[in-house]
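Engineer: With the input below, show me the fold.
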Amino acid sequence: MKLGVALISGIFIVTFFPQSGNTSSVWPDADAPDRLQQTIREATCAEASAATMSAKLDGTSLSGLLTSPSAPRTTFHVSPDGNDNWSGLLPAANTQRNDGPFASIEHARDAAREKGGPSVIAMSSGDYYLAQPVVFDARDAGLIITARCNGTPVLHGGPLVQNWASQANGRWTAPLKLPSGDGVGDLFVDGARQTSARFPNVPVDGDPRKGWLFAAECDPPIGPWAGNTRFCFHPGDLPALGDVTSLTVDIVGGFQPGSQWGNDTLPVVSIDAEKRTIDTKGTSYFFTAEGSRYFLSGTEALLDAPGEWLYDPTMGQLRYITADRSFPGAVVVAGILPTFFRLAGADGMTISGLEFRDGAPQGSGKLGTDTRGFGAIRLEGANRVRLLGNVIENIGVGIHVSESQDVLIAGNAIGNVAGNGIYVGTTYGSFGKSNGARILSNHIHDVGQVYYDTAGVSFQATDNIRIANNLIENVAQFGIGGGSTWGPQDAVHDAVIEHNVVRNANQRTSDGGAIKLMGEQGDPLNSIIRENLVTGTGHLMNRADGTFWPAGYDNIDEWPTPISWAIYTDGKASGVRIEGNTLSGNVSAIGINGGWSNLVTGNVISHGSGVVFRVDDATGRGWHPQWARPNRIEENVVSVDSDSGIVASVNAPDHGLGFVHFARNRYSGNLNDKSFRLNWRMTLWGNSGNLSDFQNAGVDTDSVVVPADKKEDE
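Structural biologist: Numbering: from 1, shown residues only. A predicted model of the protein is given here:
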């Protein structure tokens, strides 16, 4: 059964309201992300035959997309027990121990280049500690890198840290000499990310509303031209810090002008105790102000809690506080690399069945935006690449695709990432496109742990992208966020977003949602968002005094205020069809903010705490292209559960009543005489009323209110 409702002659037959955990109607079992990941690993492992691949993938969404190479391939083996002086042609050492697998991927790559022709690099189980990214280029076209069958090769983004020495009060030190300019991005103990020394400390209960300082009002005020290069602090907020050379601030946008949709990590330049100001190496377009929440990290004075660490590059030493008495037996990895594999012009490569873990967190901040992508696997001008069945964990960005065509990303598990899970798009300045990408059946979770304005899947500058059958959960801002943010140079057309499950999006920002399309390109996107299941979309926003709005809060008469959507279009996004989605347990359901010719139809919406449909012309104010047609919201089934009972809010004074039209929707639940809102300049009867008022204003045709006990019977 497909997700959503059946339409028969314009009459709805509501078969069910799916529960938030039910994914059975979203994708076939064969395409469920965890199952498809295992299937891909079995189908593409080094010893698998062409017949095995075909049989394993039959009945999945990859049937026909993946074919076994026709030409014979030379297989070079790599193992943690290997030796780069051996031939690499044997999977294990021979009895004489004078030949066997290579020890490094680089050596296998170079051997494949020297031999020429199609090759496979087969990775044996075990741990590989990378000192630098492995770079592939045009010489590696068609190369396959895969795990041996039943193998689990794990690539770590930095060295294994050993020789720990116990100090006083649970402190430990270990030597770690890195090249000049390199640093430790993160520390991992038995696979768990630890905390860089910080103030205030991480709350023990993990409450995201705790562990912050809040910026003070500056006197004299700091103008918006300062961006986030300066902010002020309250008396007594900061501890004695000493040398601030290595100090960093993680700061969220200010309460005013309402920019708590993002954050950044910025080097501290100086602190003026008398004026109570902190100057940072920031940017001019991201604003901090009174109420910005922040914490400081990265200096010796802040190392005071279990789980915290600090790297001293001068002494070449790691310092760590542990509460675990068995610590010396733990596996400790220093995350140095934000990128493990870099494919620069390496067309037709396949990477499957590998695990990428424990890297540096760089990747999605605003400082240095020309290099913000990073990516554990990074594609640059690498066409027809296949990334299949990999695990990517504890890194900055999972997969970054820039100016690469026809890329397939399927069956991967990507989690605990600092920034984006997957990015598909362009390089700022050159603006080449990444057309034809397919992102299928990936499990993406715990996204945006450092950089909040990120997404499970983020895309721009791409035509014909398809994002389908993915499970995306627990993300700081967007589950799936794409479209044009700069204009025609990063335009998106013909995107298909379908059969995804997005749970618990927008958990760290004041303005975000589960699925979003931007449209600064100013022409129709001709894109579709259909048959997705979205639940648990929330928000997080603090007031200037450091208190937070309650969860699920929504008030259209208040500004600034948290804004949260299950699905929405923004920035002139036009020509988008939002169809057959099930949206349950979110704040606001569907929003149109600017843009024309959008159609919202056949969606099932229930258990929300805010406005069901919110339509605003703000980002498209004054913009009315010749091709524009009214937005249409038609044939949706809505159960209103919140006390506010607001079904629709229309605020389009610049375009008037012709900006949107509602038709043949069915409403039930907690409705009242204020459930339908229009901007006061758009009608004579005021800004709120019931469905009849809405229809008398000419905004709605043939929608009905159905008693709750009858909605299942009609």
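Engineer: remind me which residues of this structure are low pLDDT?
Structural biologist: Residues of the chain that meet the criterion pLDDT under 70 lie in 1-25, 255-258, 285, 368-373, 680, 682-686, 708-714.
Engineer: Show me what the spatially most central residue of it bridges to in the sheet.
Structural biologist: The centre of the chain sits closest to A455, judged by CA atoms, centre = their mean, with a distance of 2.1 Å. Under DSSP bridges, the beta-bridge partners of A455 are F478.
Engineer: And for T462?
Structural biologist: V492.
Engineer: residues near it, how many?
Structural biologist: By other CB atoms under 10 Å, the residues close to T462 number 27. Yep, even glycine has a C-beta here, placed from its N, CA and C like the rest.
Engineer: quick one, what contacts it?
Structural biologist: By CB atoms under 8 Å, 6 or more residues apart in numbering, T462 lies in contact with 424-425, 433-437, 482, 492, 495.
Engineer: before we move on, what about R97?
Structural biologist: Per CB under 8 Å, 6+ apart, neighbours of R97: none.
Engineer: Now intersect the contacts of T462 with the strands, please.
Structural biologist: 424-425, 482, 492 (DSSP state E).
Engineer: got TSV for those, with neighbour count and distance to F327 too?
Structural biologist: Listed next are these as TSV, based on neighbours: other CB atoms under 10 Å; distance: CB to CB, whole Å:
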residue	neighbour count	distance to F327
V424	29	41
G425	26	42
G482	29	43
V492	27	49
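Engineer: Using CSV, lay out those residues together with distance to S639.
Structural biologist: Converted to CSV, the ones in strands among the contacts of T462 look like this (distance: CB to CB, whole Å):
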residue, distance to S639
V424, 35
G425, 37
G482, 29
V492, 32
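Engineer: Looking at those, which is nearest N672?
Structural biologist: Distance ranking of the ones in strands among the contacts of T462 against N672, using CB to CB, places G482 first at 36.7 Å.
Engineer: From G519, how far off is the closest one?
Structural biologist: For G482, the distance to G519 (CB to CB, to the nearest Å) stands at 10 Å.
Engineer: do the same with N687
Structural biologist: As defined by CB to CB, N687 lies at a distance of 27 Å from G519.
Engineer: swap in A628?
Structural biologist: 12 Å.
Engineer: which neighbours do the two share?
Structural biologist: With CB under 8 Å, 6+ apart, A628 and G519 have common neighbours S574.
Engineer: Between the two, which has more neighbouring residues?
Structural biologist: G519 (29 against 18).
Engineer: Can you tell me the closest non-neighbouring residue to the more buried one?
Structural biologist: Nearest residue to G519 in three dimensions, chain neighbours excluded: A573, at 3.0 Å (CB to CB, 6 or more residues apart in numbering).
Engineer: so that neighbour, which of the three states?
Structural biologist: Secondary structure assignment for A573 (DSSP: H, G, I helix; E, B strand; the rest coil): coil.
Engineer: so it makes contact with D523?
Structural biologist: No: contact criterion CB atoms under 8 Å: A573 and D523 do not qualify, at 10.4 Å.
Engineer: Looking at those two now, which is surrounded by more residues?
Structural biologist: A573 (30 against 15).
Engineer: Phi, psi for that one please.
Structural biologist: Dihedral pair for A573: phi -60, psi 120, per degrees, to the nearest 10.
Engineer: Let me see the contact set for it.
Structural biologist: Counting by CB under 8 Å, 6+ apart, A573 has contacts 483, 517-519, 525, 594-595, 598.
Engineer: Restricted to helices, list these.
Structural biologist: Using DSSP state H, no member of these falls in helices.
Engineer: Quick check: of those, which lies closest to H499?
Structural biologist: L517 (16.9 Å).
Engineer: now do the same end-to-end measure for stretch 640-657.
Structural biologist: Start-to-end span of stretch 640-657 (CA to CA, to the nearest Å) is 24 Å.
Engineer: List the buried residues for it?
Structural biologist: 640-642, 644-653, 655 (16 or more other CB atoms under 10 Å).
Engineer: related to what we said a few turns ago, Throw together a PyMOL command that grabs the buried residues out of the contacts of A573.
Structural biologist: Selection of buried members from the contacts of A573 for PyMOL, criterion 16+ other CB under 10 Å:
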select buried, resi 483+517+518+519+525+594+595+598
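Engineer: which ones among the contacts of A573 are found in strands?
Structural biologist: Going by DSSP E, the strands hold 483, 517-519 from the contacts of A573.
Engineer: Was I right to think V475 contacts G456?
Structural biologist: Yes: when contacts are counted by CB under 8 Å, V475 is listed as touching G456 (5.3 Å).
Engineer: if we can go back for a sec, what sits against the residue nearest to the centre of the chain?
Structural biologist: Taking CB under 8 Å, 6+ apart as the test, what A455 contacts is 420-421, 447-448, 475, 477-482.
Engineer: again, only this time at 10 Å
Structural biologist: Contact analysis of A455 by CB atoms under 10 Å, 6 or more residues apart in numbering lists 364, 419-423, 444, 447-448, 472, 475-482, 505, 512, 514-516.
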